[in-house]
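[1] Sequence and predicted structure, then a few things I'm wondering about:
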Protein chains: 2
Amino acid sequence: MAKPKTETMVAEIMDNIRRVFQVVNEQSKLVERETGLTGPQVWAIKVIEAHGTLRVSELAGKMYLHPTTVVGILDRLEKRGLVTRTRSATDRRVVDVSLTDEGRRLVDHTPEVASNKITHGLESLGIPELTIIYHGLDRLTQILDATNLPPAFFGTSEINLPKGKRRSQP
Amino acid sequence: MAKPKTETMVAEIMDNIRRVFQVVNEQSKLVERETGLTGPQVWAIKVIEAHGTLRVSELAGKMYLHPTTVVGILDRLEKRGLVTRTRSATDRRVVDVSLTDEGRRLVDHTPEVASNKITHGLESLGIPELTIIYHGLDRLTQILDATNLPPAFFGTSEINLPKGKRRSQP
DNA sequence: ACTGAATAGTTTGTGTACCAATAAATGTTA
DNA sequence: TAACATTTATTGGTACACAAACTATTCAGT
């Protein structure tokens, strides 16, 4: 294939990105059937467990989501008794989020969120093929970082892109 | 970086996929501000213009979306007078979708949906770098296809994954 | 021709995901 | 200190995205 035609390659790359979207979405639905929680919900309690008690804006930052979205997710998790919300004593604007015992139990019993088809498929590959995918995505995210100005909706709280990629904060 | 550790690479690949998600989402919002239509809406009328009149299930197939989702998008486009829905005379179960003059006018005046930051960034790269990204994503979608059973909600109508990827129909 | 399966599109309900506007608390500055 | 701005989380509203259930139509087999 690799016909050296910029236009064609860009179009195919965009199509492939859409494909990946699709599959990741399906995976989210699959996790839901297995655990009774949706992908984002599992993701949230994983983050909470890893970090310990944290404020809503911190959680949103670590999940790359807007606070409004996280509020909805927390509503559902709270209704199920998996997390608690408490107003901070020192700063009453802040809401601290933490796991309940039930939530912690569920996290432990969830045998790796990542054990979905994508991760599984990736893990079955050899180092050479993984390297190809890795470099391609890495290059892609680099150009995304270069062209993507921060939308500045995160306020001032540190954004903490996990792998230390991303530019300096405003 | 290419430290040959399967576990680490898989984790970083997943993180990068999430990054791409984020940026594509932002792009969709940006297109919305410029055209008054959302990303999926623009995508839909682009597909309709490219293919001409087509049925709802065909449109859904070409967009990799469930028919239910497309129905909602069509509702909004129809309300704005950009598309029309007509029941087919030969098969009254079928609904044919086509652009109105207004819709065609809007498509022409939309200077390339793809002129977003991602495509822009990609187009600014040279063939060698594009090749890296292309191969990485291509390999990724291959393993996704291999592990991803068709959800089988498209019925029998030809699905037409544009680049000739995807399995034979049931 | 008639019953039953399959198909096409839609409705209904849940869950993201975001923006705009808001309320309450804290900070800043005149 | 009092007016103003900022921060933090929430509510209200729109738009996806999908599953399950439903209606209408067509097809298949007897």
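    Structure's in. What do you need?
[2] okay, now the residue of chain A found nearest chain B: neighbour count?
    For chain A, the residue closest to chain B is residue A:136, as judged by CB to the nearest CB, at 1.6 Å. Where C-beta positions appear, they are placed from N, C-alpha and C, glycine not excepted. By other CB atoms under 10 Å in any protein chain shown, the residues close to residue A:136 number 26.
[3] would it count as being in a helix?
    Yes. The assignment for residue A:136 is a helix, going by DSSP: H, G, I helix; E, B strand; the rest coil.
[4] List the contacts of the closest residue to it other than its chain neighbours.
    The spatial neighbour of residue A:136 that comes closest, neighbours along the chain excluded (CB to CB, 6 or more residues apart in numbering or on different chains), is residue B:136 at 1.6 Å. Applying CB atoms under 8 Å, 6 or more residues apart in numbering or on different chains, we find residue B:136 in contact with A:132, A:133, A:134, A:135, A:136, A:137, A:139, A:140.
[5] What distance do you get for residue B:136 to residue A:42?
    27 Å (CB to CB, to the nearest Å).
[6] Quick check: what element follows the one helix or strand residue A:68 maps to along the chain?
    Using DSSP states H and E, residue A:68 sits in helix A:67-79. Under the assignment DSSP H and E, the closest C-terminal helix or strand after helix A:67-79 is strand A:83-87.
[7] by contact count, what packs against the next helix or strand after that following strand?
    Going down the chain from strand A:83-87, the next helix or strand is strand A:95-99, by DSSP H and E. Counting contacts by 3 or more CB pairs under 8 Å, 6 or more residues apart in numbering or on different chains; DSSP states H and E, strand A:95-99 packs against helix A:39-51, strand A:54-55, helix A:56-62, strand A:83-87.
[8] Give the residue spans of chain A that score low on pLDDT.
    Applying pLDDT under 70 to chain A picks out residues A:1-7, A:11, A:14-15, A:18-19, A:21-34, A:110-121, A:123-124, A:143-170.
[9] Run through the residues of it sitting next to DNA strand C.
    Within chain A, the positions near DNA strand C by CB under 7 Å from any atom of the strand are A:38-41, A:65-66, A:68-69, A:72-73, A:76, A:90-93, A:151, A:153.
[10] switch the cut-off to 6 Å
    Residues of chain A lying close to DNA strand C (CB under 6 Å from any atom of the strand) are A:38, A:40-41, A:65-66, A:68-69, A:72-73, A:76, A:91-93, A:153.
[11] Tell me the one of the residues you listed nearest residue B:55?
    Checking the residues of chain A next to DNA strand C against residue B:55 with CB to CB, the nearest one is residue A:38 at 31.4 Å.
[12] Check the burial of that closest one by counting its neighbours.
    Using other CB under 10 Å, residue A:38 is surrounded by 15 other residues.
[13] repeat for the one 3 residues further on
    The local packing count at residue A:41 equals 21, with neighbours defined by other CB under 10 Å.
[14] so who does it touch?
    Residues near residue A:41 by CB under 8 Å, 6+ apart: A:73, A:76, A:77.
[15] Surely the first one and residue A:45 touch.
    No. Counting by CB atoms under 8 Å, residue A:73 does not reach residue A:45; the two are 9.5 Å apart.
[16] residue of chain A with the smallest distance to DNA strand D?
    Closest to DNA strand D within chain A is residue A:57: 2.8 Å, counting by CB to the nearest atom of the strand.
[17] secondary structure element for residue A:65?
    According to DSSP H and E, residue A:65 maps onto no helix or strand at all.
[18] State the distance from it to residue A:56.
    Going from residue A:65 to residue A:56 by CB to CB gives 11 Å.
[19] quick one, what contacts residue A:97?
    Per CB under 8 Å, 6+ apart, neighbours of residue A:97: A:48, A:53, A:54, A:55, A:56, A:59, A:74, A:83, A:84, A:85.
[20] Now tabulate these in JSON lines and tack on neighbour count.
    Below are the contacts of residue A:97 laid out as JSON lines (neighbours: other CB atoms under 10 Å in any protein chain shown):
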{"residue": "A:48", "neighbour count": "24"}
{"residue": "A:53", "neighbour count": "13"}
{"residue": "A:54", "neighbour count": "17"}
{"residue": "A:55", "neighbour count": "17"}
{"residue": "A:56", "neighbour count": "16"}
{"residue": "A:59", "neighbour count": "22"}
{"residue": "A:74", "neighbour count": "23"}
{"residue": "A:83", "neighbour count": "23"}
{"residue": "A:84", "neighbour count": "15"}
{"residue": "A:85", "neighbour count": "14"}
